[in-house]
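Q: Kindly return the folded structure for what I paste below:
(one chain, ligands or ions: 1)
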Amino acid sequence: MKKLFSSILAGLTFFTIHNATAEIKDMNNKKVLVVYFSKTGEQYSVGNITEGNTAIVAKMIAEQTGGSLFEVKLKNDTYPAAYTALTEAAKAEKNSNARPEIAGDVSDFDNYDVVFIGGPVWWGDLPMAVYTFIDKHNWSGKTVVPFVTHEGSGLTSVPNNLKNATGAEMLDGLAIYGHIAQNERAKAKENVVNWLNKLGF
Ligand SMILES: Cc1cc2nc3c(=O)[nH]c(=O)nc-3n(C[C@H](O)[C@H](O)[C@H](O)COP(=O)(O)O)c2cc1C
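A: Predicted coordinates:
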């Protein structure tokens, strides 16, 4: 009986290892796009920044996965540089479910298998401009991976909202404090690399 049990266990172990290896190989072969929104200027707990918190994380993801980067920017960026004024503008945009016009696009979008979508948490969600980008594209067959920077909310409803907006298959997301991305880059990078490794990248 003991022998039978160890044979079953050995079989299961082999199957698990075999499967995990196959999954890692699969993700490494995927063509990756990293789409993000990020804001410079005055930000919560980091002062006046010249590189956005999410931009720092997005670049780490692209570096680690060999992915291409696309920054979602407004065509006419009228966002205030001052933090409090920005929170009011963002609230108005969210309340009206706005789709602000964005600059540029990803011309070869169909070629990507996995799309990381990230941004700052604004009022519990991503900035509306990210949804402008999403609405422009066909997500059928894509795998979407959410990531955010925040100052306390964590991922909040972002994975659900992205699932609803894209209908795509979702992988587990990452939430990093904005001030850690900005001021403790080695720690941020360790979090990014560990998360990507768990997903098989
Ligand atoms: C308009 C606005 C709304 C925000 N709302 C939230 C929020 O709901 N929850 C949270 O944890 N942080 C919130 N924050 C903080 C940002 O998510 C955080 O500072 C983020 O790292 C900024 O990233 P960025 O530099 O890439 O834009 C908000 C910041 C702004 C400007």
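Q: In the chain, what residue lies closest to the ligand?
A: Gly178 (2.2 Å; CB to the nearest ligand atom). Just so you know, the C-beta spots here come from the backbone N, C-alpha and C atoms, and that holds for glycine as well.
Q: How about the residues of the protein by the ligand?
A: Contacts of the chain with the ligand, taken as CB under 6 Å from any ligand atom, map to 38-39, 43-44, 52-55, 86-87, 90, 120-124, 149-153, 178.
Q: where does the protein dip in pLDDT?
A: 1-25 (pLDDT under 70).
Q: Can you tell me the SS state at the residue nearest the centre of it?
A: Nearest to the geometric centre of the chain sits Phe147, at 2.8 Å (CA atoms, centre = their mean). Put simply, Phe147 is strand when judged by DSSP: H, G, I helix; E, B strand; the rest coil.
Q: now the strands: where do they sit in the protein?
A: 32-36, 41-43, 47-49, 68-71, 73-74, 102-103, 114-120, 143-150, 169-170, 174-177 (DSSP state E).
Q: Report the separation between the two terminal residues of stretch 128-144.
A: 17 Å (CA to CA, to the nearest Å).
Q: and that stretch, how far out from the chain's middle?
A: 12 Å (CA atoms, centre = their mean, to the nearest Å).
Q: So for it, what gets flagged as buried?
A: For stretch 128-144, a neighbour-count test (16 or more other CB atoms under 10 Å) marks 128-134, 137, 139, 142-144 as buried.
Q: Quick check: the farthest pair among these?
A: The largest separation in the buried residues of stretch 128-144, counting by CB to CB, is between Met128 and Thr143 at 23.3 Å.
Q: returning to that earlier point: the nearest residue to the residue of the chain closest to the ligand once chain neighbours are set aside: how many residues sit nearby?
A: Closest residue in space to Gly178, ignoring its immediate chain neighbours: Asn53 at 3.7 Å, by CB to CB, 6 or more residues apart in numbering. Using other CB atoms under 10 Å, Asn53 has 30 neighbouring residues.
Q: Use 51 as the first number from now on
A: Noted, 51 is the first residue going forward, which turns the last one into Asn103.
Q: I figured Asn103 was touching Ser88, is that so?
A: Yes - counting by CB atoms under 8 Å, Asn103 does reach Ser88; the two are 6.7 Å apart.
Q: which residues are common contacts for these two?
A: Applying CB atoms under 8 Å, 6 or more residues apart in numbering, one finds that Asn103 and Ser88 are jointly contacted by 170, 199.
Q: got TSV for the strands of the chain, with distance to Lys239 too?
A: As requested, these are exported to TSV (distance: least, CB to CB, whole Å):
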stretch	distance to Lys239
strand 82-86	15
strand 91-93	20
strand 97-99	18
strand 118-121	16
strand 123-124	25
strand 152-153	28
strand 164-170	15
strand 193-200	13
strand 219-220	24
strand 224-227	10
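Q: wait, which of the ones you listed is closest to Ala238?
A: Closest among those, using CB to CB: strand 224-227, at 5.7 Å.
Q: chain center to the closest one, what's the gap?
A: With CA atoms, centre = their mean, you get 9 Å for strand 224-227.
Q: Perfect, I'm done here.
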